[in-house]
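Enquirer: heads up, no residue letters with this:
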Ligand code: TYM
């Protein structure tokens, strides 16, 4: 019955790497906060992308700890494991299996054009490994296994969702309809939170400068200090402008943290200086992150619960993933295991 098919909710999948000790305010605003909101309208899967993390050298014990913290962070951001499927990527072997197949349908030239590859290989010149290069095929596998319609990501991941779509289209062209074509779903505000120290650059987990990034577990004193030091400009007016990346960024952050529009923020601070505005930004972010931080701390004391969530999530994810994987294996000509 077509009516029923039309009523089916769209499928959403996204992932976050557990590299670095914790997430940044950029990850929170650009990604996981929105993931929680999407649960009401869509069927959602959210994944800790630990397989992606080893493209850059990790300390194994830290990676394990960070994987748990990432899982706890997704839950603390409001992702409800009863509503959404929450899982750890390496628990579902189908990701690596489909990634291999997709590697064979992904072109060297396409991968060479990926800005993240260019960026990460220049930063890790002594470890430009094949995984770093083929990373987008693994990410395509993550998305395509679940027949996702929408992939909520920050602006920096848009290119990777587009290549997933291209790979899916190529495969469908060769073998008939196999994968649904995914679309990036980029938030209107906060898709690219910038560094507080160099506001022309993205706020990044891997930035060595502690003052450049707000970490989601930072306490009030750290948050206030970092905002106080945030780089602005010499105009001295809380107003957006093309050549004002620092203030534009703070206005975005403050408006997301308070739910006010950028216009309302400008009106609120008319005639006031940057000192007042930075203090208000700090206070708003302290309040935004306080309940989140407290919940992550509680959840981290309860490993058994995190293990239960991961186990249940992996089982549900795997059931869906295997449907797509077996279809793909059949199409490419693999002999089914007798
Ligand atoms: P990752 O772990 O680098 O980042 C997770 C999410 O946070 C967003 N983000 C930002 N948003 C706004 N401002 C910032 N400064 C900022 N920094 C990061 C990212 O855009 C992302 O949405 N390859 C992915 C993880 C991944 C994935 C997937 C995503 C693996 N498989 C499948 C979607 C679907 C990554 O490294 O994200």
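Expert: That came through fine. Because the structure is predicted, anything quoted here is derived from the model rather than measured. Numbering: from 1, shown residues only.
Enquirer: for the chain, what helix or strand is lowest in average pLDDT?
Expert: helix 2-7 (a mean of 56; mean pLDDT, DSSP states H and E).
Enquirer: which non-adjacent residue is nearest the closest residue to the ligand within the chain?
Expert: Residue nearest to the ligand within the chain: residue 30 (2.0 Å; Cβ to the nearest ligand atom). Heads up, the C-betas are built off the backbone N, CA and C, glycines and all. Closest residue to residue 30 apart from its sequence neighbours, by Cβ to Cβ, 6 or more residues apart in numbering: residue 154 at 3.4 Å.
Enquirer: pull the contacting residues for that neighbour.
Expert: Shown in contact with residue 154 (Cβ atoms under 8 Å, 6 or more residues apart in numbering): 26, 27, 30, 31, 186, 187, 191, 192, 193.
Enquirer: backbone dihedrals for the fifth one, please?
Expert: Its backbone dihedrals place residue 186 at phi -110, psi 130, with angles given as degrees, to the nearest 10.
Enquirer: look up how far residue 161 lies from it.
Expert: 9 Å (Cβ to Cβ, to the nearest Å).
Enquirer: shared neighbours of these two, which are they?
Expert: Residues touching both residue 186 and residue 161 (Cβ under 8 Å, 6+ apart): residue 153.
Enquirer: more neighbours, these two?
Expert: residue 161 (24 against 18; other Cβ atoms under 10 Å).
Enquirer: list phi and psi for the closest residue to that one other than its chain neighbours.
Expert: Of all residues not flanking residue 161 in the chain, residue 184 sits nearest, at 4.0 Å (Cβ to Cβ, 6+ apart). The phi/psi pair for residue 184 (degrees, to the nearest 10) reads phi -70, psi 150.
Enquirer: cool, and residue 185?
Expert: Main-chain dihedrals, residue 185, degrees, to the nearest 10: phi -130, psi 100.
Enquirer: how about the residues of the stretch 1-150 of the chain by the ligand?
Expert: Within the stretch 1-150 of the chain, the positions adjacent to the ligand are 13-17, 26-27, 30-31, 49, 52, 139, 142-143 by Cβ under 6 Å from any ligand atom.
Enquirer: related to what we said a few turns ago, from the contacts of residue 154, list the buried ones, please.
Expert: Buried members of the contacts of residue 154, counted by 16 or more other Cβ atoms under 10 Å: 26, 27, 30, 31, 186, 187, 191, 192, 193.
Enquirer: tell me the secondary structure at the first one.
Expert: For residue 26, the secondary-structure state derived from DSSP: H, G, I helix; E, B strand; the rest coil is helix.
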